[in-house]
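Asks: sequence first, then the predicted structure:
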Amino acid sequence: MSPPKILLVDDEPHILSGYRMAFEAAGYDVTAVSSGEEAQRAALAAPFDFALIDAMMPQMDGFELTAWFRSRPEATGLGIGLLTALPADPVEKAVYSSDEWPLAEPLRLIVIKPMLKDISDVVAAVDRQLHHARSELCGG
C-alpha cells in the first residue's frame, strides 16, 4: 500500500517545517505549501488523502480553502484538519452552517488546537481519521 498523501498548508515557515518533518517521519508522502492559492494549485495537480490547514492565513484563510475543497468533485472523501487556536464550537458552527456544504454530505473534518497538542498528537489524530475512512471504504 502506498503511503498516505497529505497536503500541509500554513503561512508560518517554522510551523510548516515542523509538521513536514513529523509527517515524513510517520511515513506520509508530504506536500507543504504556504498559502491557500498554492494549496489549490497542488490539489488540482494531484489527489490527497488529507489536508492539514491553518485556519488563520492572509488572503485565503483555512475556512475559505475548506469551502473550496468541498466545492470540488475531485476532493470527495478528502479529510481536512483545521489548525486553529479559536474555540472549537464557533469553528464547527461556522463550518457546518455553510450554505456551500449540503448537510447530507459526510464532512470529514477535525478541528485541532495546536497550542494544546504536541505535533505527535496531531499526527495521531490524522492517522485515526485516515484509518476510520479506510475502514468505511472497506465496509468495516
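Replies: Yep, that arrived.
Asks: and the spatially closest residue to residue 120 that is not a sequence neighbour, how many neighbours does it have?
Replies: Leaving aside its chain neighbours, residue 120 sits nearest to residue 22 (6.7 Å; criterion: Cβ to Cβ, 6 or more residues apart in numbering). Heads up, the C-betas are built off the backbone N, CA and C, glycines and all. Close neighbours of residue 22, defined as other Cβ atoms under 10 Å, add up to 18.
Asks: how about whichever strand or helix holds residue 22 as CSV, C-alpha atoms only?
Replies: Assigned by DSSP states H and E, residue 22 falls within helix 13-25. Included here for helix 13-25 are C-alpha records, laid out as CSV according to Å, rounded to 0.1, in the frame of the first residue of the first chain:
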residue,chain,number,x,y,z
PRO,A,13,7.5,28.6,7.8
HIS,A,14,8.7,27.2,11.1
ILE,A,15,5.3,25.6,11.8
LEU,A,16,5.1,24.2,8.3
SER,A,17,8.6,22.7,8.6
GLY,A,18,7.8,21.1,12.0
TYR,A,19,4.7,19.4,10.6
ARG,A,20,6.5,18.4,7.4
MET,A,21,9.2,16.6,9.5
ALA,A,22,6.7,14.9,11.8
PHE,A,23,4.5,13.6,9.0
GLU,A,24,7.5,12.5,6.9
ALA,A,25,8.9,10.6,9.9
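Asks: touching it from outside, list them.
Replies: Taking contacts as Cβ atoms under 8 Å, 6 or more residues apart in numbering, the residues outside helix 13-25 that touch it are 6, 8, 10, 30, 32, 34, 52, 54, 114, 119-120, 122-123, 126.
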